[in-house]
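[1] Here's a sequence, model it:
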Amino acid sequence: MKKLCRIGVDIGGTFTDIVIKNGEHIRHIKILTRDLEQSLALTKALEVIAPQTAPAEFLHSTTLVTNMLLEHKGAKTGFITTQGMRDLLYIARHKRPLNYAIRQNIPWQHNAPVPRKWRITIPERVDANGKVLVALDKVALIKAVKKLVADGVESIAIGFLHAYSFPQHEQLAKKIIRKQYANLPITLSSDVSARFREYERFITAALNARVLPHTFAYLQKLSAKIYNIWPKLKLTVMTNTGGLETVDFASANSGAVQNVPIKLALSGLAAAGNAFKAIAKKLSLPNCIGIDVGGTSTDVIVIKNYKLNEAPLEQRSVAGFPLQIPLLDLHTLGAGGGSIISRDEFGELRVGPLSAGANPGPACYGFGGKEPTLTDAALLVGRMPRDLKLAGSIPINILLAQKVFAKKFHQKRYIDIVKIALDALLLAEANIAFAMREQTIARGLNPQEMALIAAGGAGGMLACGIADILELSKVIIPVNPGLLAAWGLLVAPHTQESTITILKNLNTLNDFEIKKYFAKARAKLASFKAKTQLHYIAALRYLGQGFEVEIELAGKIPSLAKLKIAFHAAHKKEYGFALEATDIEWIELSARRVKLSNISVENFSAAQSYYSSANKNNLVIWDYAKNLSQIKKISAKMFYRSDLPRGFKAAGPLVITEQSATTYVPCGWQLKVVEHGVLILSRRSSKK
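    Numbering: from 1, shown residues only. You can find the predicted model right below:
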């Protein structure tokens, strides 16, 4: 059988989404993530799809590493470093998250990935030019490892000074340890990040060591499961940059994803970004904002000039920990369909960050949920039809939603319950709008000049309210919005990246030396069999600056003069000025090989809706009047998305339903169906 099939599986906190493309045939599957262990959830997904297809690729995005970082979980970790550097992980940069707060949580101190008792120094020293000042003390190294193992440490990180350019001591240490402890997980800082700045490199290595044992076992188990079903097929995962990387346990590459799982810190979040990018390009929207409102959280992603942008170097972090690896510039907040609604100690309404997830899930699911959620709120105000079956198979019960709201907020009258539900939805919209403002205005972008692409099961229910807050004029609902992350896997490119540290004044270099650096960065990349694109990213700064500016370069190697011109232009664009008479320091160079996907927007068709009864045309919707002083009951039309032809237009209030999501079009907005079944929502002349 010819392998034409690709499978994308995204495991979220509430639903596991699966998209299967077999030639021109597309199959969508959405199942509840009832298992706390993601491996069990994916095993169930495999059982669903295994009899159907023989895929060429199995693509997977996961929040496993993200959750471990957020929840401060993982293996007991030890850290071996250069003498005198024991407390570097604790001291960090003397920078507190909140400058003026007397009491605050400092992640690297209050939730240290490595406690002080397991941070051990040994004699060794290599200077910045590669000269060995103190030889590696092998006896001290083995003594340190024996102590850590005796204390129950399950994983070890090794970080030596200047190993970003001269990793010989780190590599020697690993080789020595392997002779006595063959199965002990070991992370070298030089494998995780070949970049200078000791603290950021060390903390990234320590966090990698912490998540390595569990993630390695997870990937190994899944790879074996996939191989048993489809021999010779390898697992491919989404990385932090929005690119795919194949898991190959036979590879000797110490920087491969199975050995450096910190590359998966934003795996689940990055998948949707590729879908947003594909939609933006197809609809000719160079600058837009994408929101993926799932069951547990909302991801905010900005598309600029049709590109997914990486976070600035000084802002790359997860759970408050700086990470010295490439990360997409995106933001996540706890506002999803399963987000729990409560009151804080001051009696004010609060949405999230805690979520009911899929187990037990929102109260209306009927699985025993005891807390009111945004899904329950949407059902109570009429944004979801009462006889809707979520994911095509899960019935919802409005009486259960009403019961938990009444109990939680001590209300008996339905109108009072509805008011709280509406307030919760408005608060969620405001929280998401604030996150979008942070991702745009803080980057010098005007959100009012950008379209909003709303996805996720709950994205369409909140999108127009968010757009009203930010005064956006257009909202786009893509096809199958609740399956966007899984779709993003199919349209994502395969990528490989390598980085070298340079730390040279450009005035001391010539064109020949510049070519040598580009060749060195390129040499660390493996070649793809298929046609690929080669990109370079050079990080430079004016001499004396604290942080550098990254500039993207095409596959063509620039001359010294052109590299200077490109940096001056990039610095002026970023900061508003250029110092052309000032020396430029070249910090590092990254090479990235990209193999693009051949799947496009046209490959995806609208999904059907699922109901217990088919003849439903009108709904009762509760909403606020214009001045937000009172709520009103209005009649809204309901449509099945699969029934809407191209060119269809209608004015709100409307509810559009489909298998993976529900879209609410309020008063003051209108709907139009355009090419490929995409919904365009635009504000009419009068605002709601």
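
[2] Tell me the buried residues in the lengthiest helix in the chain?
    For the chain, the helix with the greatest residue count under DSSP state H is helix 198-229. Buried residues in helix 198-229, counted by 16 or more other C-beta atoms under 10 Å: 198-216, 218-219, 222-223, 225-226, 229. All C-beta atoms are positioned from the backbone trio N, CA, C, and that covers glycine.

[3] what's the average pLDDT for it?
    For helix 198-229, mean pLDDT rounds to 92.

[4] likewise stretch 387-395?
    76.

[5] And it, how far out from the chain middle?
    From the chain centre to the centre of stretch 387-395 is a distance of 27 Å (C-alpha atoms, centre = their mean, to the nearest Å).

[6] Excluding covalently adjacent residues, which one is nearest to Ala135?
    Glu124 (6.9 Å; C-beta to C-beta, 6 or more residues apart in numbering).

[7] My read is that that neighbour contacts Val139, right?
    No - applying C-beta atoms under 8 Å, one finds Glu124 not in contact with Val139, separated by 11.9 Å.

[8] Compare neighbour counts for those two and give me the winner.
    Glu124 (25 against 9; other C-beta atoms under 10 Å).

[9] surely Met238 meets Val65?
    No - judged on C-beta under 8 Å, Met238 makes no contact with Val65 at a distance of 11.3 Å.

[10] list residues touching both of those two?
    Leu264, Ser267 (C-beta atoms under 8 Å, 6 or more residues apart in numbering).

[11] Tell me which of these two has more neighbours.
    Met238 (31 against 27).

[12] can you confirm Gly465 is in a helix?
    Yes - according to DSSP: H, G, I helix; E, B strand; the rest coil, Gly465 belongs to a helix.

[13] could you point out which element follows the longest helix of the chain?
    strand 235-238 (DSSP states H and E).

[14] Show me what that next one is packed up against.
    Packing contacts for strand 235-238, counted by 3 or more C-beta pairs under 8 Å, 6 or more residues apart in numbering; DSSP states H and E, involve strand 55-61, helix 198-229, strand 244-246, helix 267-282.

[15] re the thing from before, for the longest helix of the chain, the distance to its chain's centre please.
    On C-alpha atoms, centre = their mean, the centre of helix 198-229 falls 17 Å from that of its chain.

[16] do stretch 505-517 as well
    36 Å.

[17] Show the model's pLDDT score for the residue at the greatest distance from the centre of the chain.
    Note on the chain: the largest C-alpha distance from the chain mean falls to Val139, namely 42.7 Å (C-alpha atoms, centre = their mean). On pLDDT, Val139 comes in at 95.

[18] for the one 3 residues further on, same thing?
    Per-residue confidence for Ile142 comes out at a pLDDT of 96.

[19] try the one 3 residues further on
    Here, the pLDDT recorded for Val145 equals 96.

[20] can you check Pro362 too?
    90.

[21] got it, and the one 3 residues further on?
    In this prediction, Tyr365 carries a pLDDT score of 87.

[22] Let me see the contact set for it.
    Tyr365 neighbours (C-beta under 8 Å, 6+ apart): Thr375, Leu390, Ile394, Ile396, Asn397.

[23] Please indicate which of those residues are buried?
    Among the contacts of Tyr365, those buried by neighbour count (16+ other C-beta under 10 Å) are Thr375, Leu390, Ile394, Ile396.

[24] The first one: which element?
    Counting by DSSP H and E, the secondary-structure element that holds Thr375 is helix 374-380.

[25] roughly how far apart are the closest residue to Glu497 other than its chain neighbours and Arg6?
    Closest residue to Glu497 apart from its sequence neighbours, by C-beta to C-beta, 6+ apart: Arg592 at 4.6 Å. When distance is defined by C-beta to C-beta, to the nearest Å, Arg592 is 22 Å away from Arg6.

[26] Identify the residues contacting stretch 63-77?
    11-13, 38, 111, 113-114, 118, 151-157, 185, 206-207, 209-215, 218, 261-262, 264-269, 318-319, 321.

[27] Of these, keep whichever come out buried.
    Of the contacts of stretch 63-77, these count as buried by 16+ other C-beta under 10 Å: 11-13, 38, 113-114, 118, 153-157, 185, 206-207, 209-215, 218, 261-262, 264-269, 318-319, 321.

[28] Tell me who's in contact with the closest residue to Asn208 other than its chain neighbours.
    Spatially, and ignoring its direct neighbours in sequence, Asn208 is nearest to Ile262 (4.1 Å; C-beta to C-beta, 6+ apart). Contacts for Ile262 (C-beta under 8 Å, 6+ apart) come out as Val65, Val192, Thr204, Leu207, Asn208, Val211, Leu323, Ile325.

[29] Determine the three-state secondary structure at Ile262.
    Under three-state DSSP, Ile262 comes out as helix.

[30] Can you give me the separation between it and Glu314?
    Applying C-beta to C-beta to Ile262 and Glu314 gives a distance of 18 Å.

[31] try Val351
    Taking C-beta to C-beta, one finds Val351 at 30 Å from Glu314.

[32] More neighbours: which of the two?
    Between Val351 and Glu314, Val351 has the larger neighbour count (other C-beta under 10 Å), namely 27 against 11.

[33] The more buried one contacts Leu427, doesn't it?
    Yes - Val351 lies in contact with Leu427 (C-beta under 8 Å); the separation is 5.1 Å.

[34] distance between the host helix or strand of Ile291 and the chain's centre?
    Assigning secondary structure by DSSP H and E places Ile291 in strand 288-293. Here the centre of strand 288-293 is set off from its chain's centre by 12 Å, with C-alpha atoms, centre = their mean.

[35] What of stretch 143-151?
    With C-alpha atoms, centre = their mean, you get 36 Å for stretch 143-151.
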